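# sequence first, then the predicted structure:
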Amino acid sequence: MEAEGPEAVLFDLDGTLVDTEPHWWRATAGVARGLGVRLGPDDEPHVLGRTIEHTAAHLLSRSPAPGPCREEALAGRLTRAFAVELERSFDVMPGAAPLLRELAAAGIPTALVTASPRSIAALVLPRLGHRFDEVVAAEDTRRGKPDPEPYLEAARRLGARPSCCVVLEDSPAGVTAATAAGCHVMVVTRAGLPTLRQIRLDRCGRGRNR
């Protein structure tokens, strides 16, 4: 008999459902240059999978002469630069659309849990063609990934037990957040998303987080 469940599937957005991380990196690099900052590999943990506010604070900490620029204003500049990148083009990750259709057909609740603000999620969601039961964006929690609060909030809104939720994530910050929340984590690579059958087998066969 094929494994049942999970109670819910929780998705990261950038780098998991849509291939937007290169766009976010370019947007951040452009804003960083205006502060006299050149991004490199050491900056990745502060850019990928983190809230825009965190990235803004990181850029200011690296700027040789931030001047009157404040974190809130810089976060706004980053958000606008990212939106411009997304309005040009972005790709949906392989396997995303089929998996979302499978989950809808099976009646399994879904939530989007993103470190991006709701305005960015709104630009991307129409391309996915799926109605998420809940969307937890950066504005919805006091602490962002890698803190577990976003995933705990998504599970709470869905009425699901975190231990019975499967999280699909791609970034170290997101994996840390989901693991700390007690969810079962599957790491998404550029090869694409798993099928519902693979999710069920992975969850039941391993019985623990990746």
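Yes, it's here. Numbers count the residues shown, from 1 in each chain.

# so where do the strands sit in this structure?
In the chain, the segments counted as strands under DSSP state E are 8-11, 18-19, 91-92, 110-113, 134-136, 165-169, 184-187.

# tell me the mean pLDDT for the last one?
Averaged across strand 184-187, pLDDT comes to 97.

# now find how far off-centre it is within its chain.
Mean-position distance between strand 184-187 and its chain equals 13 Å (CA atoms, centre = their mean, to the nearest Å).

# can you find the helix or strand of this protein with the lowest average pLDDT?
helix 196-206 (a mean of 83; mean pLDDT, DSSP states H and E).

# ok now it, how far from the chain's centre?
For helix 196-206, the distance to the chain centre is 21 Å (CA atoms, centre = their mean).

# now do stretch 92-111
Remark: stretch 92-111 is offset 16 Å from the chain centroid, using CA atoms, centre = their mean.

# give me the residues contacting that stretch.
Residues outside stretch 92-111 that contact it (CB atoms under 8 Å, 6 or more residues apart in numbering): 5-11, 15-19, 127-136, 154-155, 157-158, 160, 188, 190-196. The way it works is simple: take the backbone N, C-alpha and C, and place the C-beta from them, glycine included.

# buried ones in the least confident helix or strand of the chain?
Using 16 or more other CB atoms under 10 Å as the test for burial, helix 196-206 gives 196, 199, 200, 202, 203.

# before we move on, the earlier item: make JSON lines out of the strands of the chain and add distance to residue 79 and mean neighbour count.
As requested, those are exported to JSON lines (distance: least, CB to CB, whole Å; neighbours: other CB atoms under 10 Å):
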{"stretch": "strand 8-11", "distance to residue 79": "21", "mean neighbour count": "27"}
{"stretch": "strand 18-19", "distance to residue 79": "16", "mean neighbour count": "19"}
{"stretch": "strand 91-92", "distance to residue 79": "21", "mean neighbour count": "15"}
{"stretch": "strand 110-113", "distance to residue 79": "17", "mean neighbour count": "24"}
{"stretch": "strand 134-136", "distance to residue 79": "17", "mean neighbour count": "20"}
{"stretch": "strand 165-169", "distance to residue 79": "22", "mean neighbour count": "26"}
{"stretch": "strand 184-187", "distance to residue 79": "27", "mean neighbour count": "21"}
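
# select, out of these, the one closest to residue 33.
Closest approach to residue 33 among the strands of the chain is made by strand 18-19 (23.3 Å; CB to CB).

# distance between the closest one and the chain's centre?
Chain-centre distance of strand 18-19: 10 Å, with CA atoms, centre = their mean.

# try stretch 145-157
Using CA atoms, centre = their mean, the offset of stretch 145-157 from its chain centre is 12 Å.

# and for stretch 91-98?
That offset, for stretch 91-98, works out to 15 Å (CA atoms, centre = their mean).

# coming back round to it: make JSON lines from the strands of the chain and add distance to residue 102 to it.
As requested, those are exported to JSON lines (distance: least, CB to CB, whole Å):
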{"stretch": "strand 8-11", "distance to residue 102": "10"}
{"stretch": "strand 18-19", "distance to residue 102": "18"}
{"stretch": "strand 91-92", "distance to residue 102": "15"}
{"stretch": "strand 110-113", "distance to residue 102": "11"}
{"stretch": "strand 134-136", "distance to residue 102": "19"}
{"stretch": "strand 165-169", "distance to residue 102": "13"}
{"stretch": "strand 184-187", "distance to residue 102": "14"}
